[in-house]
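Colleague: Next input, structure requested:
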Amino acid sequence: MLQELFGLSGEVAVVTGAGRGIGEGIAKVLAGAGASVVCAARRTDEIERVAQEIVADGGSAIACTTDVTDEAAVDALAQTALSEFGGLHMWVNNAGGSPIQAPLTELDRTEWDNTLALNLTAVWLGTRIAARHMADNGRVLNISSIAAQDVVQGSGHYSAAKAGVNMLTRTFAQELGPRIRVNCIMPGAVPTEIMMNALNLQEEDLPRLEKMLRLPAGRLGTPNDLGAAALFLLSPASAWVTGQNIRISGGP
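Modeller: Numbers count the residues shown, from 1 in each chain. Prediction:
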């Protein structure tokens, strides 16, 4: 019964931003459930490491260097999944982030444009291309942020992009259903490299952050926590779930 609900054997997943953090966690959980995973990111060495670790653990994965803001590169990524594994069933739009914090009135225009290109336009582009190649029962999962709903000082540009991802999720679910389900996870505080850099945090700052947040779950999140949520939303267990933006944040 559990295998029927959560097993992904024989299916193929593309995960962008898979070289570290949340993307790495999702790629490894999906591979553990039986999926063949195409790990995509700009840093070749990182995705090659993740793919090699998946294979070493008995899974199936390859690395595909990809700039998700480049339409030709994203189309080539989809074609790689088809040529290497013979299909495309799941697409995870995880690549994103912004290293800059500034009030919106002081934000450089270039940073605004770059943030929307990576965090919003790339999600639209990836979903659009994935939908062309998916048959019935395709699944798209977007990775947004609780910043899409909560004001984060200095991150208004990032919040605006992620709020856009939430609406893309709902709209794509309407337009692509019932052939393809589209859902979104909004992670909370998961101390990835991107979060640590954006908030200028060091490892020794994490206990203080955990205490300050006072999360009902009692701790900060991990990439594996997000991988488990992704598995639910991409597996048969969530067959009646689409168009949802779900907070995975250790609390409300």
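Colleague: in the longest strand along the chain, what's buried?
Modeller: Across the chain, the longest stretch assigned as strand under DSSP state E is strand 180-187. Neighbour-count burial for strand 180-187, counted by 16 or more other C-beta atoms under 10 Å, picks out 180-187. Quick note: C-beta positions are derived from backbone N, CA and C, even for glycine.
Colleague: For the stretch 101-250 of the chain, which residues score under the pLDDT cut-off?
Modeller: Along the stretch 101-250 of the chain, the parts satisfying pLDDT under 70 run over 196, 198-199.
Colleague: can you give me the strands in it?
Modeller: 138-143, 180-187, 245-248 (DSSP state E, counting those that start in this stretch).
Colleague: if we can go back for a sec, and the longest strand of the chain, how far out from the chain's middle?
Modeller: Taking C-alpha atoms, centre = their mean, to the nearest Å, one finds strand 180-187 lying 9 Å from the centre of the chain it belongs to.
Colleague: just the angle between it and strand 138-143, please?
Modeller: Between strand 180-187 and strand 138-143, the angle comes out at 20 degrees (axes from the mean of the first three to the mean of the last three C-alpha atoms, to 10 degrees).
Colleague: Need the contact partners of strand 180-187.
Modeller: Identification of contacts with strand 180-187 by C-beta atoms under 8 Å, 6 or more residues apart in numbering yields 22, 127, 131, 134, 137-146, 148-149, 162, 165-166, 169, 172-173, 176, 221, 226, 229-230, 233, 238-239, 241-249.
Colleague: What strands line up against that strand, and which way round?
Modeller: Sheet pairing here is set by DSSP bridges, and for strand 180-187 it gives strand 138-143 (parallel), strand 245-248 (parallel).
Colleague: Would you mind finding the most buried of the ones you listed?
Modeller: strand 138-143 (a mean of 25; mean count of other C-beta atoms under 10 Å).
Colleague: Next, name the residue at the spatial heart of the protein.
Modeller: The centroid of the chain falls nearest to Asn94 when counting by C-alpha atoms, centre = their mean (2.4 Å).
Colleague: ok, that one - contacts?
Modeller: Counted by C-beta under 8 Å, 6+ apart, Asn94 has contacts 15-18, 22-23, 26, 143.
Colleague: do that again at 7 Å, thanks
Modeller: Residues in contact with Asn94, defined by C-beta atoms under 7 Å, 6 or more residues apart in numbering, are 15-17, 22-23, 26, 143.
Colleague: any idea how far it is from Glu46?
Modeller: 13 Å (C-beta to C-beta, to the nearest Å).
Colleague: ditto for Leu8
Modeller: Here Leu8 is placed at a distance of 23 Å from Glu46 (C-beta to C-beta).
Colleague: So the two - more neighbours on which side?
Modeller: The neighbour comparison of Leu8 against Glu46 (other C-beta atoms under 10 Å) goes to Leu8, with 23 against 20.
Colleague: Please enumerate the helices of the stretch 1-150 of the chain.
Modeller: Taking DSSP state H, counting those that start in this stretch as the criterion, the stretch 1-150 of the chain carries its helices at 2-6, 21-32, 44-56, 71-85, 109-116, 122-133.
Colleague: can you pull the buried residues of the last one?
Modeller: Applying a neighbour-count criterion of 16+ other C-beta under 10 Å, one finds 122-127, 129-131, 133 buried in helix 122-133.
Colleague: Any chance of a markdown table for the strands paired with strand 180-187, columns distance to Asp70?
Modeller: Conversion of those to a markdown table gives the following (distance: least, C-beta to C-beta, whole Å):
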| stretch | distance to Asp70 |
| --- | --- |
| strand 138-143 | 19 |
| strand 245-248 | 27 |
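Colleague: which residue sits closest to Gly138 in space, ignoring its chain neighbours?
Modeller: If the residues on either side of it in the chain are set aside, Gly138 comes closest to Ile180, at 3.9 Å by C-beta to C-beta, 6 or more residues apart in numbering.
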